[in-house]
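# kindly return the folded structure for what I paste below:
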Amino acid sequence: MTNVLFVHQNFPGQFRHVAPALARRGDRVLALTINEPAEALPGVALVNYSARVKARLEAAGKRIGDWESKVIRGQAAAEAMLVLRDQGFVPDVVFAHSGWGEALFVRSVFPEARFLVYAEFYYGGANGDIGFDPEFSQPSIESSQRTTLKNTHLLHALSECDAALAPTEFQRDQHPAWARDKISVIHEGIDTRRFQPDDAASLQLKGAGITLRAGDEVVTFVARQLEPYRGYHILMRALPLLQQLRPRARIVIVGGDGVSYGAPAPGGASWKKVFLDEVQSRVDMSRIHFVGKVPHGTLTRLMQLSAVHIYLTYPFVLSWSLLEAMSVGCLIVASDTAPVREVITHGETGLLVDFFDAQALARRVAECLDQPQAFRPLRERARVAVAARYDLQSICLPRQIDFILGTRPDRQGLAADGLASPA
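Here you go, the predicted structure:
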């Protein structure tokens, strides 16, 4: 039996599948987290801690404040780990998401444990998100300093850990060259048995008093928050022409009004409102449906009935929703950005357009709506590609367990045929 401690302020996050899988093996699994999970994971004991960050930051400057918040979380996580140690729990493995500072002091508490880091993203890497969209990001000394501080705790974790994991090659390659040899590329995985095509899928939009069905002209867009990092502004700017070309299409937009990445909208407004206001006088709002955040099952049905699914992103963390959409057989029109090119081949498993070209996006989506049968092979190949490279049970989960337990050498990337590299 192996004692495994996961550290993630929003547990389970990327550890949703692998933590209970280890518990099923008979390993003892604990999770250290600030926030209470929405669901309990079988066999995983939860340990909550509080960092009390806000009270400590009231007098801190913006740039230093962000760094100090990471140190405070790291200290609070370490204090909680000390309690676990004093209670007799000494992990063989600690696997920490390094993004919020919780990995800073792991080594000082558990020096003998195999220390693993989930290396989700490193800011300012070549061809990454910083400066990608000049409408919202202009180079400056302040922005450079802010980026340096955002990376400081990430670099510390990488230097201390025994090994690290990133879900995509793009995300690994954003890290400094010296760190990449430590980082294995293993995605969290997609449950392709759960996310399957369904030609009979339907969904009622109660607010609009309509029922959407597979075969309808439904265009979908999904993001955690409706913000520039996920191309919401490009989507909205494409809608006037799209509606002109396809007046019967309904556009269903999933996402919250807040900000997950990047700067907030000016004047206390939401990005949703800013870009809706920009185009509202030129679109038919009766056929545009903002549904907010929806349960995962509802989101799956929506993607199953979607005629065209739009996915846009800066060169940044790849969304799970894109791979789930591919798994259910969506016809995907996506941004021609590095993380997307890693999973979609233009003309084979989806269609790519320039991130900034809203008119090209509108014309491409209209073409797909006009010729659904012509593009059906792309749907089928998208599902095949996800099953071959990212299937949860047959590929990703076994590789994650190997990585955590150190039972096989760390393996980088994927073999040319899309399958896991042999040991």
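# in the stretch 201-350 of the chain, which spans are helices?
Using DSSP state H, counting those that start in this stretch, the helices of the stretch 201-350 of the chain run over residues 232-245, 271-279, 296-305, 320-327, 338-341.
# what's the longest one packed up against?
Applying 3 or more CB pairs under 8 Å, 6 or more residues apart in numbering; DSSP states H and E, one finds that helix 232-245 makes contact with strand 218-225, strand 250-256, helix 271-279, helix 358-370. For glycine as for every other residue, the C-beta is placed from the backbone atoms N, C-alpha and C.
# make a markdown table out of these and add mean pLDDT.
What follows is the helices and strands packed on helix 232-245, written out as a markdown table (pLDDT from 0 to 100):
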| stretch | mean pLDDT |
| --- | --- |
| strand 218-225 | 98 |
| strand 250-256 | 98 |
| helix 271-279 | 97 |
| helix 358-370 | 98 |
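# Leu104 is in what secondary structure piece?
Applying DSSP states H and E as the criterion places Leu104 outside every helix and strand.
# distance-wise, check the closest residue in space to it that isn't next to it in sequence relative to Glu120.
Distances taken as CB to CB, 6 or more residues apart in numbering place Gly74 nearest to Leu104, at 3.1 Å, with adjacent residues excluded. Counting by CB to CB, to the nearest Å, the separation of Gly74 from Glu120 is 16 Å.
# neighbour-wise, which of these two wins?
When Gly74 is set against Glu120 and neighbours are counted by other CB atoms under 10 Å, the residue ahead is Gly74, at 24 against 19.
# spit out the contact partners of that one.
Neighbouring residues of Gly74 by CB atoms under 8 Å, 6 or more residues apart in numbering: Gly101, Glu102, Ala103, Leu104, Phe105, His153.
# pull out the buried positions in the helix or strand encompassing it.
For Gly74, the host element (DSSP H and E) is helix 62-86. Using 16 or more other CB atoms under 10 Å as the test for burial, helix 62-86 gives 63, 66-78, 80-81, 84.
# equivalent analysis for stretch 104-116, please.
The neighbour-count check on stretch 104-116 (16+ other CB under 10 Å) flags Leu104, Phe105, Val106, Arg107, Val109, Phe110, Ala113, Arg114, Phe115, Leu116 as buried.
# with stretch 153-171 instead?
By neighbour count, and taking 16+ other CB under 10 Å as the criterion, the buried residues in stretch 153-171 are 153-158, 160-161, 163-171.
# in strands only, show me the residues you listed.
Taking DSSP state E, the ones among these that sit in strands are Ala163, Ala164, Leu165, Ala166.
# what residues are up against the last one?
Ala166 sits next to Tyr118, Ala119, Glu120, Arg172, His175, Ile183, Ser184, Val185 when contact means CB under 8 Å, 6+ apart.
# identify the residues contacting Val106.
Val7, Ala77, Ala78, Met81, Val94, Ala96, Ala113, Phe115, Glu160.
# adding pLDDT and distance to Thr148, write the ones in strands among the buried residues of stretch 153-171 out as TSV.
Compiled in TSV, these are given as follows (pLDDT from 0 to 100; distance: CB to CB, whole Å):
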residue	pLDDT	distance to Thr148
Ala163	97	25
Ala164	98	20
Leu165	98	24
Ala166	98	21
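# out of the residues you listed, which comes closest to Thr33?
Thr33 has its nearest neighbour among those in Leu165, at 18.5 Å by CB to CB.
# perfect, I'm done here.
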